[in-house]
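Visitor: Here's a sequence, model it:
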Amino acid sequence: MSIAPLHITRTAIALRPDQSRVLIRPFNPGDERRTRSIVARILALPEALVLPLVTQVLAVFSSRHRNISDLLLERFQYVENLLSLDDDLSEPRKLLIGAYFVSEFSLESAALFNPSIVPHPDQTAVPPGGLRFILSLRATGEGHLSSITFRTGMIHPDGRIEVMNAKGCLCEPRQLPNQLYERDLFERKLQELGMAGEFTCRTLDRLGPVFTLDELFCRVSEELRLPCAPDAEPSNRREADGIWRLADSNYQVQFTPDQDLSERIIFPASPSQRNGIEDARFVRFQGDDGSSVYYATFTAYDGRVVMPELMETSDFLQFRFITLNGPAAQNKGMALFPRKVNGLYAMLSRHDNENLYLVLSDNVHFWYEPKLILAPEFPWEIVQIGNCGSPIETDAGWLVLSHGVGPMREYSIGAFLLDKDDPTKVIGRMREPLLRPTEDERRGYVPNVVYSCGALVHRGQLILPYAYADHATSFATVALDDVLGAMR
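Guide: Next up, the predicted model:
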């Protein structure tokens, strides 16, 4: 039986990288000696010259950054603490010192791609039949360093898709100072990392069921000061480093409500993210009690190793970052189902970099025993397959958008269907891609690629944001029934 060709509609939307969107980042000259030399030269400037210099900096950069004076003073505080400077300095000189130790980073100078779409938590004043949404995007700048940025938009009742213009002043969140850790969960994660030795056990035994970062610091420092056998000291230091790395990788940050969503930037902050945060797959997750929370699986890259991690938010103001553990928490492209299945969390993974797997777990932090559900079969996906975001629940089953890599390393987007009650069963699969690059979409940062990190269904239409050539982002739409009908 022949299958009718799909009528997929590409929109005229084009979200392209904007080099004017810049973020203030710390500038580190390299070592303490050079830092001292720079500060000494600033301190040697006559006071009469300091104020004009600061005035010039503020005149040029105040329109590009919100509360720039506060940012410069914060940076001065860091330098002051590092070098134990005399605090008896004028505010203009403090601002000037801060200005010499920051720089601008063009967040999306190279690419704005790999989008993920979820319903906005605020649907007030949305017309009947419409939907307000949040679009997350991977922004890549200098040095191929990636972070997460956001846009808001609307699916209008007539099906028209509108993405709001981004605001200009970009802001990083504040890290919450009183991060709380659950001891049992923290210890289990250390066991997974092979760091649960005698030093770790002694340290954690002296902490309560819930502890703060300051309490952890005090306990680790106390244990390191205790006398020990010479052959135990390297092991203790190694376990202490493991404790700190885990603590630094599990943290919370907070934006302020006056910052537009497009101004909020999730920039790499932990050791595991040092070289980038990539390809966040956001999903609105419904709990057993009917409440909702947003999760995003993403890839953290430290320059050597890629690791899947998790972020959590209910309002896109406060974000919690969580490490994922277990043998199935490997490689790129993990995607969480939007609810539990038969009482268990469910995740798609591609830990062997080639096939698609399903993993079930009773804890969202730990993932074991992946089960193979799909392997490359058709010419357009022979190299490898993976998911393009979290599964979408439909009456017919779990709709999963997939990506396949074919000849000339061309990336295309396909789809398959999993049984709703037993998602280890594939009950439908497209033989041909749903979306493949057009000639106009082949040119860019990485040629011949279309890719997505998450779509949604609204009023019978699959709304598919997608990136092309790892450079820019657009939208396509297609009737859900047509997608399901195109599966064998």
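
Visitor: What segments of the stretch 151-300 of the chain are helices?
Guide: 183-192, 198-205, 213-225, 233-249 (DSSP state H, counting those that start in this stretch).

Visitor: how far off helix 198-205 does the longest one point, in degrees?
Guide: Just to be clear, that refers to helix 233-249. Here helix 233-249 points in a direction 50 degrees away from that of helix 198-205 (axes from the mean of the first three to the mean of the last three CA atoms, to 10 degrees).

Visitor: Please produce TSV containing the helices of the stretch 151-300 of the chain, extended by mean neighbour count, mean pLDDT and distance to Ser62.
Guide: Placement of C-beta: from N, CA and C, glycine included. Below are those laid out as TSV (neighbours: other CB atoms under 10 Å; pLDDT from 0 to 100; distance: least, CB to CB, whole Å):
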stretch	mean neighbour count	mean pLDDT	distance to Ser62
helix 183-192	17	91	43
helix 198-205	17	93	46
helix 213-225	15	92	34
helix 233-249	17	89	33
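
Visitor: can you list those in a markdown table and add distance to Val163?
Guide: Shown next, in a markdown table, are the helices of the stretch 151-300 of the chain (distance: least, CB to CB, whole Å):
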| stretch | distance to Val163 |
| --- | --- |
| helix 183-192 | 38 |
| helix 198-205 | 47 |
| helix 213-225 | 38 |
| helix 233-249 | 32 |
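
Visitor: Please identify which of those is closest to Thr473.
Guide: Judged by CB to CB, the one of the helices of the stretch 151-300 of the chain that comes nearest to Thr473 is helix 233-249, at 28.6 Å.

Visitor: Contact partners for the closest residue to Glu192 other than its chain neighbours?
Guide: Leaving aside its sequence neighbours, Glu192 sits nearest to Asn325 (CB to CB, 6 or more residues apart in numbering; 4.0 Å). Neighbouring residues of Asn325 by CB atoms under 8 Å, 6 or more residues apart in numbering: Arg188, Lys189, Glu192, Leu193, His365, Phe366, Trp367.

Visitor: Kindly tell me how buried the fourth one is, as a neighbour count.
Guide: Which is Leu193. Using other CB atoms under 10 Å, the number of residues around Leu193 comes to 16.

Visitor: tell me the phi and psi of it?
Guide: phi -90, psi 0 (degrees, to the nearest 10).

Visitor: just to revisit the earlier point, kindly indicate which of the contacts of Asn325 lies nearest Glu142.
Guide: Out of the contacts of Asn325, the member with the shortest distance to Glu142 (by CB to CB) is Leu193, at 31.8 Å.

Visitor: which residues touch stretch 215-226?
Guide: 181, 199, 202-204, 206-208, 236-237, 240, 243-244, 247.

Visitor: out of those residues, which one sits closest to Ala125?
Guide: Closest to Ala125, out of all of the contacts of stretch 215-226 and judged by CB to CB, is Tyr181, at 39.7 Å.

Visitor: any low-confidence regions in this protein?
Guide: For the chain, the stretches with pLDDT under 70 are 1-5, 178.

Visitor: domains for it, by residue range?
Guide: Per the record, the chain has its domains at 9-17+107-174+251-485, 23-106, 180-249, by automatic domain parsing.

Visitor: Please enumerate the strands of the stretch 201-350 of the chain.
Guide: 210-212, 251-254, 277-286, 292-301, 306-313, 318-323, 335-336, 345-349 (DSSP state E, counting those that start in this stretch).

Visitor: what would these look like in CSV with distance to Arg33?
Guide: Converted to CSV, those look like this (distance: least, CB to CB, whole Å):
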stretch, distance to Arg33
strand 210-212, 35
strand 251-254, 31
strand 277-286, 32
strand 292-301, 30
strand 306-313, 34
strand 318-323, 34
strand 335-336, 47
strand 345-349, 47
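
Visitor: Export those as a markdown table, with columns for mean neighbour count and distance to Trp380.
Guide: Shown next, in a markdown table, are those (neighbours: other CB atoms under 10 Å; distance: least, CB to CB, whole Å):
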| stretch | mean neighbour count | distance to Trp380 |
| --- | --- | --- |
| strand 210-212 | 16 | 50 |
| strand 251-254 | 17 | 40 |
| strand 277-286 | 23 | 21 |
| strand 292-301 | 22 | 24 |
| strand 306-313 | 20 | 25 |
| strand 318-323 | 19 | 35 |
| strand 335-336 | 25 | 20 |
| strand 345-349 | 24 | 19 |
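
Visitor: Ile68: which of those strands is closest?
Guide: strand 251-254 (20.0 Å).

Visitor: separation between Phe61 and Ser314?
Guide: Counting by CB to CB, to the nearest Å, the gap from Phe61 to Ser314 is 34 Å.

Visitor: and what of Asp158?
Guide: Taking CB to CB, one finds Asp158 at 31 Å from Ser314.

Visitor: ditto for Pro268
Guide: Distance from Pro268 to Ser314, by CB to CB: 23 Å.

Visitor: What of Gln56?
Guide: Per CB to CB, Gln56 is found 43 Å from Ser314.

Visitor: Same check on Leu372?
Guide: 34 Å.

Visitor: which SS class is Leu73?
Guide: The three-state label given to Leu73 by DSSP: H, G, I helix; E, B strand; the rest coil is helix.

Visitor: didn't it look like it was pressed against Ala99?
Guide: No: Leu73 is beyond contact range of Ala99, at 10.2 Å (criterion: CB atoms under 8 Å).

Visitor: The two: which is more packed in?
Guide: Counted by other CB under 10 Å, Leu73 and Ala99 do not tie: Ala99 has more neighbours, with 24 against 16.

Visitor: The more buried one: what's it in contact with?
Guide: Val54, Val57, Leu72, Arg75.

Visitor: export those to TSV and tack on neighbour count?
Guide: Output for those, formatted as TSV (neighbours: other CB atoms under 10 Å):
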residue	neighbour count
Val54	22
Val57	18
Leu72	25
Arg75	22
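
Visitor: of all the contacts of Asn325, which two lie farthest apart?
Guide: Pairwise across the contacts of Asn325, and taking CB to CB, the largest span is found between Leu193 and Trp367, at 14.4 Å.

Visitor: What are the neighbouring residues in contact with the spatially closest residue to Phe337 that is not a sequence neighbour?
Guide: Using CB to CB, 6+ apart and skipping the chain neighbours, the partner closest in space to Phe337 is Ala346 (4.1 Å). Residues counted as contacts of Ala346 (CB under 8 Å, 6+ apart) are Leu336, Phe337, Lys340, Leu358, Val359, Leu360, Pro423.

Visitor: for these, which one is nearest Val253?
Guide: Leu336 (20.4 Å).

Visitor: ok, back up a step: comparing Asp158 and Ser314, which residue is more hemmed in?
Guide: Ser314 (13 against 8).
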